[in-house]
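Trainee: Could you work out the structure for the sequence below:
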Amino acid sequence: MSRAGTIDGLQFARDRGVVTGVIAIEDLPRLAAMGCKSATLRYTVRGDRGESGQPCLNIEVLGRLQLVCQRCLGLLDFPLALANELDLAKTLQEIEGAEDDIDRLLATHSMAVAELVEDEAMLALPMVPMHDRCERPIAQSDRAESSPFAELAKIRSRGTGPERSH
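Mentor: Numbering: from 1, shown residues only. Predicted structure coming up:
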C-alpha cells in the first residue's frame, strides 16, 4: 500500500476532507512503466459538492516528471500543473448512463490516493513526449547497432564485396 493512504470517497466528500502530500516515483508504478524516469508530485485532494450537486473530489497536482524524448532519446523535463474535479458515482451504471461530459469516478470505501494522483498525471502526459527542439541528434556511435544498409554501403565503398560480372 502507498504511503499516501486511502479515503472513503463518499464520506470524504461529505466531510469536505482534505489530504495533501508528496509522492515520488517509487509510489507511481504505472508512470514508471510508461517510461517516466523520475517524478516528485505534490498533491491536494479535497472532498466537496460539485456544480451538479454531486459529491466530488478536487485533485490538484504539481511537480516535474522526467520522460524520455521519443526523437532524441534524451531526458525531457515535463512540468505538471493540473486541477481536476471528478464527480463521484455510486454505481458503474451511473457512469455509463451519463449523457454529459462530466468526469466521473466510481466511489469506493477504499480509494488509494496515490492511484488517484497517478491517474490524473498519466492523463496529462503527452502522447509522444518530445523536446520542442532536441539538443543533438543521436550520433551513429550512440546506437547499439548500426543499420544493415549502412554496413552494406561500407562494404561496397571498400570494394570488398563479391565482384559483379558484366
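Trainee: going forward, measure contacts and count neighbours with C-alpha atoms only.
Mentor: Noted.
Trainee: Assign residue 62 to helix, strand or coil.
Mentor: Here residue 62 is strand, with the state taken from DSSP: H, G, I helix; E, B strand; the rest coil.
Trainee: How many residues are close by it?
Mentor: 17 (other C-alpha atoms under 10 Å).
Trainee: In the sheet, which residues pair with it? Tell me.
Mentor: Residue 62 has these beta-bridge partners by DSSP bridges: residue 42, residue 81.
Trainee: My guess is it contacts residue 23. True?
Mentor: No - in this structure residue 62 lies outside contact range of residue 23 using C-alpha atoms under 8 Å: 10.5 Å.
Trainee: which neighbours do those two share?
Mentor: Residues touching both residue 62 and residue 23 (C-alpha atoms under 8 Å, 6 or more residues apart in numbering) are 41, 42, 43.
Trainee: Adding distance to residue 100, write those out as JSON lines.
Mentor: Shown next, in JSON lines, are these (distance: C-alpha to C-alpha, whole Å):
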{"residue": "41", "distance to residue 100": "30"}
{"residue": "42", "distance to residue 100": "30"}
{"residue": "43", "distance to residue 100": "27"}
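Trainee: beta partners of residue 75?
Mentor: Here residue 75, judged by DSSP bridges, has bridge partners residue 68.
Trainee: Next, find the distance separating it from residue 123.
Mentor: 20 Å (C-alpha to C-alpha, to the nearest Å).
Trainee: The nearest residue to residue 92 once chain neighbours are set aside: neighbour count?
Mentor: Sequence neighbours aside, residue 106 is the residue nearest to residue 92 in space, at 6.6 Å (criterion: C-alpha to C-alpha, 6 or more residues apart in numbering). Using other C-alpha under 10 Å, residue 106 has 17 neighbouring residues.
Trainee: What lies in contact with stretch 85-101?
Mentor: For stretch 85-101, the external contacting residues (C-alpha under 8 Å, 6+ apart) are 9-10, 50, 54-59, 102-108.
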